[in-house]
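Colleague: I would like the atomic coordinates for the input below:
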Amino acid sequence: MRRMIGGRAYELVDRVRDDETALNGFLYLAKAVFSLDFAPWLAGGWWGGDYIPHALMDGEKVVANVSANLIRSRWNGEEKRFLQLGTVMTDREYRGRGLARHLMEEVMARYAGACDGVYLYANDSVLDFYPKFGFKAVQETQHSLPVGRSGEPVRKLDMDGPGDRAILLNAYRAQENRHCALPIVGNEGLLMFYCGQFLKDCVYELPGLNAVAVAEYDGGRMLCYDVFGGAAPLPELLNALAREDTRFCALGFTPLNPAGCAAEPRREQDTTLFASGALAPLFQENQMMFPLLSHA
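Modeller: Take a look at the predicted model:
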């Protein structure tokens, strides 16, 4: 699809995964701008139809991109469909030409009318860019609670092994996160983007509780990104996941039942949530956050 922007012709490609030239250009630009390597995710077969880059090409070179991430969720028992924008990037030599603005307008026009809200995470250098498209900065809330090792057996899963990967995926498919107020539904691609790469050493099975969790430990602090399966109450699952020295657990998701939890504004360096549509008031009226494993 040909686009004239600033008097210059570009080709808009929205089937990047299936176009070898566009794909190679996208992979190169993501590494150059964000140091992100999508190649292992692609090779593993996890790049599904919910992640849709929209790339502008100058000849055979990808010079700008905005990706649409289709996010299915539930809130108060109702199915929700959100659009998360990500991998917003422009080649250094092509910045200041309005390419990112053109792609933002294109993607939002294509998808916004078919979803319950649009959101993205921005770094500090572009905080004045997204309000031009109707986005508002939104404060997320993170919950935490005290924990202590219960003695339940825990087994670290090997994400390079097909058997252990199947354990994670089966737990996810059976029950995404029954303890989450705003769960991400049916998105194995995003799950494996993290568990197949950055958090591959952080996946644990709780065999006695029929659950799988993703967690990191730092001294007496545990960050539980997500937990799948398991009929036990959330504190019981977290106590099973805790190590001997773990005293405190921060949650990477909003608990469905926040009883016993402390709630604080979530702070992440160089990262701000922007939302539009019904999402902005939803976050303003409720102490919540998007699950950490849903960030794209």
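Colleague: give me phi/psi at W47?
Modeller: W47 adopts backbone torsions of phi -80, psi 100, taken as degrees, to the nearest 10.
Colleague: Can you tell me how far it is from K136?
Modeller: Distance of W47 to K136, computed by CB to CB, to the nearest Å: 30 Å. Bear in mind the C-beta positions are built from the backbone N, C-alpha and C, glycine included.
Colleague: Kindly report the same for D245.
Modeller: In this structure, D245 and K136 are 41 Å apart, going by CB to CB.
Colleague: Just want to know which of the two has more residues nearby.
Modeller: Set side by side, D245 and K136 show unequal neighbour counts under other CB atoms under 10 Å, the larger going to K136 at 16 against 12.
Colleague: Mind checking what secondary structure Y194 has?
Modeller: When the structure is split into helix, strand and coil by DSSP: H, G, I helix; E, B strand; the rest coil, Y194 lands in helix.
Colleague: Give me the neighbour count for the closest residue to G44 other than its chain neighbours.
Modeller: Once its chain neighbours are removed from consideration, G44 has its nearest residue in G196; the separation is 5.6 Å (CB to CB, 6 or more residues apart in numbering). For G196, the number of neighbouring residues by other CB under 10 Å comes to 21.
Colleague: Kindly provide the distance from G196 to R97.
Modeller: 35 Å.
Colleague: hey, where'd the helices end up in the stretch 1-150 of the chain?
Modeller: Taking DSSP state H, counting those that start in this stretch as the test, the helices found in the stretch 1-150 of the chain are 20-34, 39-43, 99-111.
Colleague: Can you check the pLDDT for the residue nearest to G44?
Modeller: G196 is assigned a predicted lDDT (pLDDT) of 94.
Colleague: got the contact list for it?
Modeller: If a contact means CB atoms under 8 Å, 6 or more residues apart in numbering, then G196 has P40, W41, G44, W46, M159, R165 as its contacts.
Colleague: got these as JSON lines, with pLDDT, neighbour count and distance to C115 columns?
Modeller: Compiled in JSON lines, the contacts of G196 are given as follows (pLDDT from 0 to 100; neighbours: other CB atoms under 10 Å; distance: CB to CB, whole Å):
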{"residue": "P40", "pLDDT": "93", "neighbour count": "13", "distance to C115": "29"}
{"residue": "W41", "pLDDT": "94", "neighbour count": "19", "distance to C115": "23"}
{"residue": "G44", "pLDDT": "92", "neighbour count": "15", "distance to C115": "27"}
{"residue": "W46", "pLDDT": "94", "neighbour count": "19", "distance to C115": "22"}
{"residue": "M159", "pLDDT": "96", "neighbour count": "19", "distance to C115": "31"}
{"residue": "R165", "pLDDT": "96", "neighbour count": "19", "distance to C115": "30"}
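Colleague: Between the residues you listed, which sits nearest H295?
Modeller: Within the contacts of G196, distances to H295 taken as CB to CB reach their minimum at W41, with 14.1 Å.
Colleague: What number of residues are in the vicinity of H54?
Modeller: Neighbour count for H54, taken as other CB under 10 Å: 23.
Colleague: what about stretch 14-28, start to end distance?
Modeller: Distance between the two ends of stretch 14-28: 17 Å, counting by CA to CA, to the nearest Å.
Colleague: just stretch 7-22 next, same as before
Modeller: First residue to last in stretch 7-22 (CA to CA) measures 22 Å.
Colleague: Got the domain ranges for this protein?
Modeller: If you go by automatic domain parsing, the domain ranges for the chain are 2-140+266-294, 142-261.
Colleague: Is T246 in contact with Y217, as I believe?
Modeller: Yes - between T246 and Y217 a contact is recorded at 6.6 Å, counting by CB atoms under 8 Å.
Colleague: More neighbours: which of the two?
Modeller: T246 (21 against 15).
Colleague: Regarding that one, what are the backbone dihedral angles?
Modeller: Torsion angles at T246 (phi, psi; degrees, to the nearest 10) stand at phi -80, psi 130.
Colleague: Show the contacting residues for it.
Modeller: T246 neighbours (CB under 8 Å, 6+ apart): V147, G148, R149, Y217, G220, R221, M222.
Colleague: Report the buried members of those residues.
Modeller: Neighbour-count burial (16 or more other CB atoms under 10 Å) is assigned, among these, to V147, M222.
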